[in-house]
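Pasted the sequence and its predicted model underneath.
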Amino acid sequence: MHLPCCCVGSIEFPGSILYRQLDYYWRSLGQIPDTVPTLEQYAVPQTYDSRHLYSVLQIWLNRINSRQNLDTDMAWGSSYQAQSLNDMYRGTGDRKYLDVNLEIIRATMANRDDKKGYATFFGETAPAWGLHITLEGIPFMLSIPG
């Protein structure tokens with residue numbers, strides 16, 4: 001049996017030398033655990049909580065408070081975390097997911113451009129989160145209205 005692979009052509013499973021080399025490589029990096037849990041063992045709230053819940057909170061609060069949206073983290077990063085927290089609440093009914101999400105939302109709202117004093121191209125502040133860049137040396141702000 002061959003599995004197409006964009007990087008190496010095809011890999012013959014399970015006994016090919018290439019397969020064994022790749023398997024060894026990924027296991028040595030810790031990317032493949034020695035035992036793989038079943039979906040029923042892995043997809044449980046305890047796994048999400050231990051791997052994501054409070055690390056998500058600390059990581060995103062730090063990014064939002066230190067970088068605002070200057071590198072688009074709020075729009076292109078924390079939004080996905082917020083969605084996962086909402087999904088966990090919908091799936092479990094446990095309010096702790098909403099509480100963590102609320103902390104991220106409060107930090108996001110506290111870091112709007114008008115609250116931080118960031119001006120638009122026209123020198124005005126706006127209730128938005130801008131991506132402050134220069135376009136051919138001219139300050140330019142892409143805004144996401146609040």
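Ah, there it is. Numbering: from 1, shown residues only.

any idea how far residue 96 is from the closest residue to residue 52 other than its chain neighbours?
Spatial nearest neighbour of residue 52, excluding adjacent residues (CB to CB, 6 or more residues apart in numbering): residue 84 at 7.2 Å. Placement of C-beta: from N, CA and C, glycine included. As judged by CB to CB, to the nearest Å, residue 84 and residue 96 stand 13 Å apart.

what's the answer for residue 59, then?
For residue 59 relative to residue 96 (CB to CB), the value is 17 Å.

number of nearby residues for residue 118?
Neighbour count for residue 118, taken as other CB atoms under 10 Å: 20.

For it, what are phi and psi?
Main-chain torsions, residue 118, degrees, to the nearest 10: phi -80, psi 130.

where do the helices sit along the chain?
Under the criterion DSSP state H, helices of the chain are mapped to 17-28, 39-42, 45-48, 54-67, 73, 79-92, 96-110, 113-116.

Looking at the ones you listed, which is nearest to residue 125?
helix 113-116 (4.3 Å; CB to CB).

got a list of contacts for the closest one?
Helix 113-116 is contacted by residues 68, 119-120, 125-130, 141, 143 when judged by CB atoms under 8 Å, 6 or more residues apart in numbering.

Alpha carbons of it, as CSV, please.
What follows is helix 113-116, C-alpha atoms only, in CSV (Å, rounded to 0.1, in the frame of the first residue of the first chain):
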residue,chain,number,x,y,z
ASP,A,113,-7.1,52.1,19.5
ASP,A,114,-9.2,54.9,21.0
LYS,A,115,-8.3,53.7,24.5
LYS,A,116,-4.6,53.4,23.6
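
which parts of it are buried?
The neighbour-count check on helix 113-116 (16 or more other CB atoms under 10 Å) flags residue 113 as buried.
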